[in-house]
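Visitor: here you go, sequence then predicted model.
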Amino acid sequence: MIRKFAAMAAAALIMVGCTNVDPVTGERTRNNTGTGAIIGAIVGAGAGTLAGGDDRRNAMIGAGVGALAGAAIGNYMDRTYQNLRERLAGSGVGVTRVNQSQILLNFPADLTFDLNRDAVKSQFVPTLRDVGNILQEYDQTTIDVYGHADCTGADAYNQDLSERRAMNVSSVLMQGGVIRQRIAARGYGESQIRYQPCEAAANRRVEVYVSAFQG
């Protein structure tokens with residue numbers, strides 16, 4: 001399963017890299033918060049490894065990413081949050097400060113994907129790359145990408161779709177400059193329904209958690 005997930009990420013990088021993009025039109029949306037466990041795939045030169053925990057930490061240290069400690073965490077995340085809010089205003093991306101060390105970015109499905117599709121909409125790719133550009137600047141953070149689905153369709157289908165969407169969002173973020181060692185991705189399928197009815201479009205979302213890389 002791990003190798004399959006990593007291979008999907010590699011394919012997603014190739015597919016998204018060939019995408020033609022149109023200018024994006026801005027749109028505001030409400031903020032949302034949530035939680036989740038960290039697991040994902042890091043794609044290297046022809047090989048996939050399980051990310052998260054010590055594996056990702058070691059990979060980030062090996063890539064030269066420095067860890068934050070003490071009061072520096074809050075100050076660093078304050079700057080990250082303010083920059084994200086200012087530069088993503090009107091983009092449709094929700095920006096929420098979860099706590100001192102974590103920020104949530106919410107990508108609503110209606111802006112990010114067509115119904116039952118896993119490819120990021122061409123008109124939204126530039127915005128997603130802009131997010132990657134910002135996160136590249138604030139590189140002392142980990143990036144956790146979570147895909148979610150509504151309750152329409154079979155459980156297995158929704159799980160697979162949410163995984164592919166999380167990996168494609170991760171791929172575009174990497175195109176924007178985020179190094180692969182910082183990213184972990186996971187699909188939750190319909191296991192974390194937040195809005196009623198369960199078929200609501202708001203449940204078809206991708207959430208990106210930006211967390212301080214702590215020493």
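Guide: Yep, that arrived.
Visitor: hey, let's count contacts and neighbours off CA atoms from now on
Guide: Noted.
Visitor: secondary structure element holding Glu163?
Guide: Using DSSP states H and E, Glu163 maps to helix 155-175.
Visitor: list the buried residues for that helix?
Guide: 158-175 (16 or more other C-alpha atoms under 10 Å).
Visitor: and that helix, what does it pack onto?
Guide: Applying 3 or more C-alpha pairs under 8 Å, 6 or more residues apart in numbering; DSSP states H and E, one finds that helix 155-175 makes contact with helix 2-17, helix 125-137, strand 141-147, strand 183-187.
Visitor: neighbours of Asp114, how many?
Guide: 12 (other C-alpha atoms under 10 Å).
Visitor: from Leu161, how far off is it?
Guide: In this view, Asp114 and Leu161 are 12 Å apart by C-alpha to C-alpha, to the nearest Å.
Visitor: kindly report the same for Phe124.
Guide: Phe124 is 18 Å from Leu161, by C-alpha to C-alpha.
Visitor: and what of Gly189?
Guide: From Gly189 to Leu161 the distance is 7 Å (C-alpha to C-alpha).
Visitor: shared neighbours of those two, anything?
Guide: Ala149 (C-alpha atoms under 8 Å, 6 or more residues apart in numbering).
Visitor: ok, Phe113 to Ser191 distance?
Guide: In terms of C-alpha to C-alpha, Phe113 sits 19 Å off from Ser191.
Visitor: actually Gly176, not the one I typed
Guide: From Gly176 over to Ser191 (counting by C-alpha to C-alpha), the distance is 30 Å.
Visitor: neighbours of Gly62, just the number please.
Guide: 11.
Visitor: swap that for Ala184, please
Guide: 26.
Visitor: so it touches Gly147, yeah?
Guide: No. Applying C-alpha atoms under 8 Å, one finds Ala184 not in contact with Gly147, separated by 11.5 Å.
Visitor: residue ranges with poor pLDDT in this protein?
Guide: 1-53 (pLDDT under 70).
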